[in-house]
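# Pasting a predicted model and its sequence here:
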Amino acid sequence: MDEFSLTFPGGKKIEIDYGNHKLLTDQKLEDGGEDEGMSPFDLFLASIIACSGSVALGFLRRRNISTKDLKIRMYPDYDEEENRVNKLRIEVDVPDDFPEKYLGALKKVLDTCTVKKHLAKPPEFEVVIKK
């Protein structure tokens with residue numbers, strides 16, 4: 001099994017280790033952090049748009065379509081009362097010369113994002129406390 005581990009380097013920072021990679025999360029200034037990295041929740045949201053970008057990139061490269069003027073943005077709709085996101089709107093701007101025949105296929109390929117699939121069918125969580 002792959003292992004993710006973390007350490008607490010100070011303040012509200014968390015450093016995550018996975019394989020050869022390190023990632024730093026922090027909290028915003030107004031939440032008592034030093035804002036030196038995305039908060040864990042912002043990182044979660046970023047993983048969704050990163051996944052969308054990854055599948056879009058693969059789709060375009062297989063068809064030799066340039067990514068130069070392609071832009072993908074995501075807008076979370078927060079419900080302050082429930083303290084959660086109710087909807088994520090992903091907008092894709094394609095350049096004027098983008099082949100019309102691929103518009104529908106590009107939209108479909110964004111639905112193949114692995115992160116999105118895990119949200120639709122979440123994994124079971126198991127927490128084990130060891131002493």
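Looks like it arrived, so ask away. Numbering: from 1, shown residues only.

# how's this protein carved up into domains?
The chain breaks down into these domains under automatic domain parsing: 1-37, 39-120.

# mind putting those in a markdown table, distance to Lys130 included?
No exception for glycine: its C-beta is placed from N, CA and C like everyone else's. Output for these, formatted as a markdown table (distance: least, Cβ to Cβ, whole Å):
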| stretch | distance to Lys130 |
| --- | --- |
| domain 1-37 | 14 |
| domain 39-120 | 22 |
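
# so which of these comes closest to Lys131?
Set against Lys131 and scored by Cβ to Cβ, the domains of the chain come closest in domain 1-37, at 17.9 Å.

# Burial check on Gly32, number of neighbours?
Neighbours of Gly32 under the rule other Cβ atoms under 10 Å: 10.

# Just to check, it is in contact with Lys12?
Yes - under the criterion of Cβ atoms under 8 Å, Gly32 makes contact with Lys12 at 5.8 Å.

# Overlap in contacts, these two.
By the contact definition Cβ atoms under 8 Å, 6 or more residues apart in numbering, Gly32 and Lys12 are jointly contacted by no residue.

# among the domains of the chain, which is nearest Val127?
If we rank these by Cβ to Cβ, the stretch that ends up nearest is domain 1-37, at 14.0 Å.

# Could you pull up the mean pLDDT of that closest one?
Predicted confidence along domain 1-37 averages 95 (mean pLDDT).

# how far is it from where the chain is centred?
Distance of domain 1-37 from the chain centroid (Cα atoms, centre = their mean, to the nearest Å) equals 16 Å.

# how about it: buried residues?
Residues of domain 1-37 classed as buried: Lys12, Lys13, Ile14, Glu15, Ile16, Thr25, Asp26, Gln27, Gly33, Gly37 (neighbour count, 16 or more other Cβ atoms under 10 Å).

# Now name the helix or strand holding the most centrally placed residue in the chain.
In the chain, the C-alpha nearest the mean C-alpha coordinate belongs to Ser47, at 1.4 Å (Cα atoms, centre = their mean). Counting by DSSP states H and E, the element that carries Ser47 is helix 40-62.

# can you check Thr7 too?
Taking DSSP H and E as the criterion, the element that holds Thr7 is strand 4-10.

# Alright, that wraps it up for me.
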